[in-house]
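In: my questions are about this predicted structure, shown below with the sequence.
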Amino acid sequence: MRIRLNVLLSQRQFFCNSSPQLHSGTMASSSTTNLSPQEEAKRLAAYSAGEKYLISGARIGVGSGSTVKYLVDYMRDAFKNGNLMDIKCVPTSSMTKRWLVDAGLPVTELGIVSHLDICIDGADEVDDEYTLIKGGGGCLFQEKVVQKSSSRFIIIADSSKQSKKLGEHYAKVPIDVIPFGHETLLQNLSSKLGGKFSVRSGSGKMGPVITDNGCYIVDWEFPKDKLINWPEAHATLKGFTGVVETGLFFNCVESVIFAYPDGSIKEFGPKIV
C-alpha cells in the first residue's frame, strides 16, 4: 500500500534540532472497516511511518505494542508486493517476533546484526520536550537496547498519547527490576523519590508480570504535586542496585507521528522533508 501525505510546514521546538519543522497532513487512504477512531488513528500513524521511513535493504528495529502491530501489517503488505525488499527485522519483544514471523518477514537479532538503520516504536506518553514514557507493555528494556542500537528513532502514536507534560495521560513510569530483594528496593525508592512503587500483577494469572529478560515490572506512580526533572529522576532510579532500566526515554527521538480520530496526521521532527 502506498500512502500520500499532503503536508503543511510550520515551526515547532524540538530538542534534537534548533530549527525544527512541523509536518502535518491527512492520510489519503481508505479506512479499515470495523476499527474504532482510536484504532484507525494508530493504523494511520503506523502506515505513514512505514511509507515514509522504511526502505529496501534496511535493518529495522520493530517496537512493541498495539500501534506497532499495524506497522507490521504495513511491512507484510509492502514485502509481499515487492516494495520493501532485503530487509532484516529485530523485534523488541517475543510478541513482536511472533507478529513478524506470522507475517513472513525476515527476523534476526542483535549480535547477528550489530547496528540498525532505524527503529520505529510506540509510546505510552510523549510530552512537549519529547520525553517519552514507555513500558506499558512490559518491554522497556528490550525497547531501549534496540533504540540505542539504531541510527534513527521514530515514534508512532494516536493523539491520546500526546501531552504537554508527562503525567497528563499516563500516571506511571514502568521500571525493570531484578526480583531478588525487590521488597526492600521498593521501600528505598519510595523514601527517596516519593509516590508509590508497586510490582505489576499479571492479567489472567496469579503473581507478578515477568518480562522477556526475567525481571519484574514495577510501576512508579510519581507525585503530581511537584515538578520532576526527568533526567535526574532516571539517574536516581538507575543508581539503586536492582533497577535494571526505566521507561523514561529522552534526547533520542528524531520524529513523532501522531494521528487523530478525524484522519489527520501531524509529524514533529528536525528532518522532515
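Out: Looks like it came in fine.

In: low-scoring stretches of the stretch 1-150 of the chain, by residue?
Out: Scanning the stretch 1-150 of the chain for pLDDT under 70 picks out the ranges 1-33.

In: break down it into its helices, ranges please.
Out: 37-53, 66-80, 94-102, 140-148 (DSSP state H, counting those that start in this stretch).

In: what angle separates the third one from helix 140-148?
Out: Relative orientation of helix 94-102 versus helix 140-148 (axes from the mean of the first three to the mean of the last three Cα atoms, to 10 degrees): 60 degrees.

In: give the buried residues for helix 94-102.
Out: 95-97, 99-100 (16 or more other Cβ atoms under 10 Å). From N, CA and C alone the C-beta is placed, and that goes for glycine too.

In: check the last one too.
Out: For helix 140-148, burial by neighbour count (16+ other Cβ under 10 Å) applies to 140-147.

In: so what's the gap between it and the chain middle?
Out: 9 Å (Cα atoms, centre = their mean, to the nearest Å).

In: which helices and strands does it pack with?
Out: strand 118-121, strand 172-177, strand 243-246 (3 or more Cβ pairs under 8 Å, 6 or more residues apart in numbering; DSSP states H and E).

In: what's the closest of these to residue 86?
Out: Smallest distance to residue 86 across the helices and strands packed on helix 140-148 (Cβ to Cβ): 14.5 Å, for strand 118-121.

In: what packs against that closest one?
Out: Strand 118-121 packs on helix 37-53, strand 59-62, helix 66-80, helix 140-148, strand 153-158, going by 3+ Cβ pairs under 8 Å, 6+ apart.

In: for these, give me CSV that also has distance to residue 238.
Out: Converted to CSV, those look like this (distance: least, Cβ to Cβ, whole Å):
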stretch, distance to residue 238
helix 37-53, 30
strand 59-62, 22
helix 66-80, 26
helix 140-148, 11
strand 153-158, 20
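
In: now distance to residue 186 too, for the helices of the stretch 1-150 of the chain, in CSV please.
Out: Formatted as CSV, the helices of the stretch 1-150 of the chain follow (distance: least, Cβ to Cβ, whole Å):
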stretch, distance to residue 186
helix 37-53, 33
helix 66-80, 29
helix 94-102, 26
helix 140-148, 17
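
In: of the ones you listed, which is nearest residue 114?
Out: helix 140-148 (12.1 Å).

In: and the residue positioned nearest the centre of the chain, how far from residue 214?
Out: The centroid of the chain falls nearest to residue 122 when counting by Cα atoms, centre = their mean (2.9 Å). As for residue 122, its distance to residue 214 is 23 Å (criterion: Cβ to Cβ, to the nearest Å).

In: which ones are touching the residue lying closest to residue 201 once chain neighbours are set aside?
Out: Leaving aside its chain neighbours, residue 201 sits nearest to residue 208 (6.1 Å; criterion: Cβ to Cβ, 6 or more residues apart in numbering). When contacts are counted by Cβ atoms under 8 Å, 6 or more residues apart in numbering, residue 208 touches 179, 199-202, 216-217.

In: before we move on, what's the pLDDT of residue 208?
Out: pLDDT for residue 208: 92.

In: next one: the one 4 residues further on
Out: Per-residue confidence at residue 212 stands at 91 (pLDDT).

In: wait, doesn't it sit right on residue 96?
Out: No - counting by Cβ atoms under 8 Å, residue 212 sits too far from residue 96 to count as a contact (10.2 Å).

In: what is in contact with these two at once?
Out: Common neighbours of residue 212 and residue 96 (Cβ under 8 Å, 6+ apart) are residue 139.

In: low-confidence stretches in the stretch 151-273 of the chain?
Out: Using pLDDT under 70, the stretch 151-273 of the chain drops low at 205, 269-273.

In: for it, what spans make up the helices?
Out: 182-193, 230-238.

In: so which of the helices of the stretch 1-150 of the chain is nearest residue 113?
Out: Of these, nearest to residue 113 by Cβ to Cβ is helix 140-148, at 10.5 Å.
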